[in-house]
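Q: Can you look at this prediction? I've put the sequence above it.
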Amino acid sequence: MDEREFMRGRVYGADHEDAGPRPGRSYAELVGGPLDGLLLDVTGRPERATGEQVALVTELGRYGPGGRALYAPRADGRHYDWRGDAP
């Protein structure tokens, strides 16, 4: 199993021991880029924020540790597409 396959279906930012989705929470799938396949917890996000890009800390992107992967939501709100990396 490679790293991408291992990460698929896990929640971004969750504890490694308990990284699966939790009942009663809402998730969007990250598509493309270094966090492809991870789930982003969007529970309680205000509607006005659903169209906003998010910058997620990751060491897997172009800028290494401390860098960020940028994702923007699709119209369906259930997928966030990778837009690039930022320092």
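A: Nice, thanks for sending it over. Quick caveat, the model's predicted, so the values are computed rather than measured.

Q: Test my guess that residue 85 contacts residue 60.
A: No: the criterion here is Cβ atoms under 8 Å, and residue 85 misses it with residue 60 at 9.3 Å. Just so you know, the C-beta spots here come from the backbone N, C-alpha and C atoms, and that holds for glycine as well.

Q: which residues are in contact with both of those two?
A: The contact sets of residue 85 and residue 60 overlap at 34, 69 (Cβ atoms under 8 Å, 6 or more residues apart in numbering).

Q: Tally up the residues packed near residue 55, please.
A: Residues lying near residue 55 (other Cβ atoms under 10 Å) number 13.

Q: Residues in a beta bridge with it, which ones?
A: With DSSP bridges as the criterion, residue 55 is bridged to residue 70.

Q: Identify the bridge partners of residue 86.
A: Residues in beta-bridge contact with residue 86 (DSSP bridges): residue 68.

Q: my guess is it contacts residue 70, does it?
A: Yes: counting by Cβ under 8 Å, residue 70 is a contact partner of residue 86 at 5.8 Å.

Q: what residues are shared contacts of the two?
A: The contact sets of residue 86 and residue 70 overlap at residue 55 (Cβ under 8 Å, 6+ apart).

Q: Which one's more surrounded, those two?
A: Neighbour totals were compared for residue 86 and residue 70, and residue 70 leads with 17 against 12 (other Cβ under 10 Å).

Q: Poorly predicted segments of this protein, please.
A: Applying pLDDT under 70 to the chain picks out residues 1-8, 46-51.

Q: all helices for it, in order.
A: 3-7 (DSSP state H).

Q: dump the residue contacts of the residue nearest to residue 84 when sequence neighbours are not counted.
A: Nearest residue to residue 84 in three dimensions, chain neighbours excluded: residue 70, at 5.3 Å (Cβ to Cβ, 6 or more residues apart in numbering). With contact taken as Cβ under 8 Å, 6+ apart, residue 70 is in contact with 53, 54, 55, 56, 82, 83, 84, 85, 86.

Q: If anything else comes up later, I'll come back, but that's it for now.
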